[in-house]
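Student: This is a predicted model, with the sequence first.
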Amino acid sequence: MKAGGSSAESATDSWSKYFDQRPIVVALAGPNGAGKSTFFESHLKSSGLRFLNADVLAKELEVDAYDAARMVAALRVELVRQRESFVFETVFSDPVGDKLAFLKQTAQSGYAVVLYFIGIADANTSEQRVAMRVSQGGHDVPTEKLIARFPRTLANLSAAIRELPCVLVFDNDDLRTPFRHVAVFANGRPLLLKQPVPSWLQPLL
């Protein structure tokens, strides 16, 4: 395992490491309010890959979140059928693990699959970040959903670490050091683990 290094450099450098001649699917996952869309803008947008974001789609088409999520799910399947590369955002909190199953199946079909996970400490932090977003004109999420989703998100991350070919983990709990790159896992094996390990990640190791 390695320690140290710059989070911004690690996030940027990791992209070219996993981008080869195969089509690629990048899942950008994390709790509500973790900063996934901001991470895409600052770290992944330059890749030029199409970005599927249900929140943006709901706003553009004036449909509810459930319908937007269904539309994005159908679009993911269609893009894989066409062997197109793309990035999609997810809270990764589904109780049946369908997002993880999609990623595993996509990897088995010959895609390069990378999961970027943006973590924060707890559901209270999620609630505070969502409230901050709402104050700036962003979309709200009911507190009861934030509380219910948080442990499911971490459970799906734990499974993803064991079952996916590549998982890159970033800690965004402290906004003074945003998107600190803390870990890389390949098929369940830690290739990189930087100290201090966030409290929310420790139980998953």
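Tutor: That came in fine, so what should we check first?
Student: any idea which element F117 lies in?
Tutor: Secondary structure from DSSP states H and E places F117 in strand 112-119.
Student: could I have that strand exported to CSV, CA atoms only?
Tutor: C-alpha atoms of strand 112-119 as CSV (Å, rounded to 0.1, in the frame of the first residue of the first chain):
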residue,chain,number,x,y,z
ALA,A,112,-13.8,-1.1,-18.6
VAL,A,113,-15.7,-0.3,-15.4
VAL,A,114,-14.6,2.2,-12.8
LEU,A,115,-16.5,3.2,-9.7
TYR,A,116,-15.6,6.6,-8.2
PHE,A,117,-17.1,6.9,-4.7
ILE,A,118,-17.3,10.2,-2.9
GLY,A,119,-17.8,9.7,0.9
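Student: what sits up against the helix or strand following it?
Tutor: Sequence-wise, the next helix or strand downstream of strand 112-119 (DSSP H and E) is helix 123-135. When contacts are defined by C-beta atoms under 8 Å, 6 or more residues apart in numbering, helix 123-135 is touched by residues 31-35, 120, 138-141, 143, 146-147, 149-150, 173. C-betas here are computed from N, CA, C, even on glycine.
Student: Buried ones among those?
Tutor: P31, N32, G33, A34, G35, I120, G138, V141, L146, R149, F150, D173 (16 or more other C-beta atoms under 10 Å).
Student: So which of the contacts of helix 123-135 are in helices?
Tutor: T143, L146, I147, R149, F150 (DSSP state H).
Student: Verify the stated contact: L191 with V184.
Tutor: Yes. Look at L191 against V184 with C-beta atoms under 8 Å: they come within range, at 4.6 Å.
Student: Please report the distance of I24 from R83.
Tutor: The gap separating I24 from R83 is 11 Å, by C-beta to C-beta, to the nearest Å.
Student: With neighbour numbers in mind, choose between these two.
Tutor: I24 (20 against 11; other C-beta atoms under 10 Å).
Student: hey, what's the more buried one bridged with?
Tutor: Listed beta-bridge partners, I24: A112 (assigned using DSSP bridges).
Student: Next, the contact list for it, please.
Tutor: Residues near I24 by C-beta under 8 Å, 6+ apart: Y18, L49, S85, Y111, A112, V113, V114.
Student: ok, the closest residue to F86 other than its chain neighbours - how many residues close by?
Tutor: Distance criterion C-beta to C-beta, 6 or more residues apart in numbering; nearest residue to F86, sequence neighbours excluded, is R50 at 4.4 Å. Residues lying near R50 (other C-beta under 10 Å) number 12.
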